[in-house]
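Engineer: task: produce atomic coordinates for the following.
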Amino acid sequence: MIPSHKAEITFFEVILGRRSVRNYQAKRVGKISISSLLEAAVRAPTAMHQEPWAFVIINDKKTLKSLSDLAKPLIIAKAKLNPTELNQNMKELFDNPDFNIFYDAGTLIIICGKTDSPFYSADCWLAAENMMLAACAMGLGSCVVENALPALNLNDVKAQLKISDKYTAVAPIIIGYPNQENTATTRNAPVILTQIAPN
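Structural biologist: The predicted model follows:
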């Protein structure tokens with residue numbers, strides 16, 4: 001059951017208040033909170049009721065640092081294939097041995113998808129959105145770290161994390177207690193290409 005940490009917060013306050021958090025306190029996210037996040041995730045819409053998701057939970061900062069160190073050169077190599085993705089600031093950031101792509105968060109939840117399900121990627125991202133909105137409602141921060149995927153889907157890493165060949169990592173999400181309140185960001189108005197209505 002998902003706890004009500006902020007009973008007064010409304011649905012739209014959660015949607016409008018969610019931010020990608022990249023600065024976390026040292027405080028650990030507890031087991032009950034993680035269970036609540038997973039419960040929210042599996043309540044997401046799923047095509048043909050396939051529920052193709054499975055989860056890897058890493059609460060060990062040493063493991064996360066090792067995965068970060070493994071991922072950084074892979075990120076640079078991938079970006080070099082598309083020079084528009086690579087700029088000097090990015091290269092310096094990922095070359096910095098102190099930079100952690102998981103932003104020193106204490107928890108990483110990897111949503112994995114069963115690849116024989118036709119819409120596994122969409123389903124996993126719907127689960128990710130549920131999880132991130134639940135985190136916001138619970139006073140937690142979250143951030144998608146998609147750059148981690150090349151490392152997380154290496155055979156050796158999948159074996160270490162016990163991700164079977166039936167699954168692939170889809171949505172890596174860091175979770176933690178925000179170190180500061182994130183300021184609101186502006187968003188463009190919806191781009192409506194067509195709207196058909198009766199005369």
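Engineer: check this protein for its longest helix and report it.
Structural biologist: Secondary structure assigned by DSSP state H gives helix 61-80 as the longest helix of the chain.
Engineer: right, and the helix or strand after that helix?
Structural biologist: If you walk from helix 61-80 toward the C-terminus, the next helix or strand you reach (DSSP states H and E) is helix 88-95.
Engineer: doesn't P190 lie inside a strand?
Structural biologist: No. P190 is assigned coil when assessed by DSSP: H, G, I helix; E, B strand; the rest coil, not a strand.
Engineer: packing partners of the helix or strand of the chain with the lowest mean pLDDT?
Structural biologist: Of all the helices and strands that make up the chain, helix 88-95 has the lowest average by mean pLDDT, DSSP states H and E, namely a mean of 74. Secondary-structure packing of helix 88-95 (3 or more CB pairs under 8 Å, 6 or more residues apart in numbering; DSSP states H and E): helix 61-80. To be clear about C-beta, it is placed using only N, CA and C from the backbone, and glycine gets the same treatment.
Engineer: could you list the buried residues of the helix it packs on?
Structural biologist: Neighbour counts over helix 61-80 (16 or more other CB atoms under 10 Å) mark K61, L64, L67, S68, L70, A71, K72, L74, I75, I76, A79 as buried.
Engineer: can you give me the offset of it from its chain's centre?
Structural biologist: 16 Å (CA atoms, centre = their mean, to the nearest Å).
Engineer: check which helix or strand covers the residue most central in space within the chain.
Structural biologist: Of all residues in the chain, the one closest to the mean position by CA atoms, centre = their mean is I173, 2.2 Å from it. Here I173, judged by DSSP H and E, is contained in strand 167-176.
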